[in-house]
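Undergrad: quick one, structure for this:
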Amino acid sequence: MNAKHEEIQKVIDENDVVLFVKGTAKFPQCGFSAVVIQIFDRLGVQYKDVNILEDNDLRQELKVFSDWPTFPQIYLKGELIGGCDIAREMFTSGELQEALKEKGIPFSMADAS
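TA: Got it, this is the predicted structure:
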């Protein structure tokens, strides 16, 4: 296991929700990352955002680590759930809220059903 792989694993292990995004939560630098951030902000979920644009080695290693070629990448309690399209579909159907409940991740969306 290389250093970048260990760095990725450490971030995932130390945070219930990790968003590997282009940019930051305050300044997303792609539309897909912005959508994912909006979903998690709307849900009131605490998350760790990691800007993959700051580190090309990290970005390349993440593709190998996750076997997922695109960004953003969303991890809930160590499990990759996917990217923007999957998160949007899960949010709309209520599956994302159910997954958060099942994993014991608190969220505070007032109109979460």
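Undergrad: okay, now the unreliable bits of this protein?
TA: 110-113 (pLDDT under 70).
Undergrad: show me where it has strands.
TA: Shown for the chain, the strands assigned by DSSP state E span residues 17-21, 48-51, 73-76, 79-82.
Undergrad: nearest to Phe32 among those would be which one?
TA: Comparing those by their distance to Phe32 (C-beta to C-beta), the top pick is strand 17-21, with 8.4 Å. Placement of C-beta: from N, CA and C, glycine included.
Undergrad: partners of that closest one, with directions?
TA: strand 48-51 (parallel), strand 73-76 (antiparallel) (DSSP bridges).
Undergrad: and those strands as TSV, adding mean neighbour count and distance to Phe91?
TA: Supplementary listing: those in TSV, determined by neighbours: other C-beta atoms under 10 Å; distance: least, C-beta to C-beta, whole Å:
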stretch	mean neighbour count	distance to Phe91
strand 48-51	20	17
strand 73-76	23	11
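Undergrad: distance to Leu58 for those strands - can I get that in JSON lines?
TA: Shown next, in JSON lines, are the strands paired with strand 17-21 (distance: least, C-beta to C-beta, whole Å):
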{"stretch": "strand 48-51", "distance to Leu58": "8"}
{"stretch": "strand 73-76", "distance to Leu58": "11"}
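Undergrad: nearest to Gly23, out of the ones you listed?
TA: Between Gly23 and the strands paired with strand 17-21, the tightest spacing by C-beta to C-beta is seen for strand 48-51, at 5.9 Å.
Undergrad: present the strands of the chain as CSV; the columns should include distance to Val35.
TA: Putting the strands of the chain into CSV (distance: least, C-beta to C-beta, whole Å) gives the following:
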stretch, distance to Val35
strand 17-21, 10
strand 48-51, 14
strand 73-76, 11
strand 79-82, 13
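Undergrad: nearest to Leu100, out of those?
TA: Counting by C-beta to C-beta, Leu100 lies closest to strand 73-76 out of those; the figure is 7.1 Å.
Undergrad: isn't Lys4 up against Asn56?
TA: No: at 10.3 Å, Lys4 does not count as touching Asn56 under the criterion of C-beta atoms under 8 Å.
Undergrad: which of these two has more residues huddled nearby?
TA: The residue with the greater number of neighbours, taking Lys4 and Asn56 and applying other C-beta atoms under 10 Å, is Lys4; the counts read 17 against 9.
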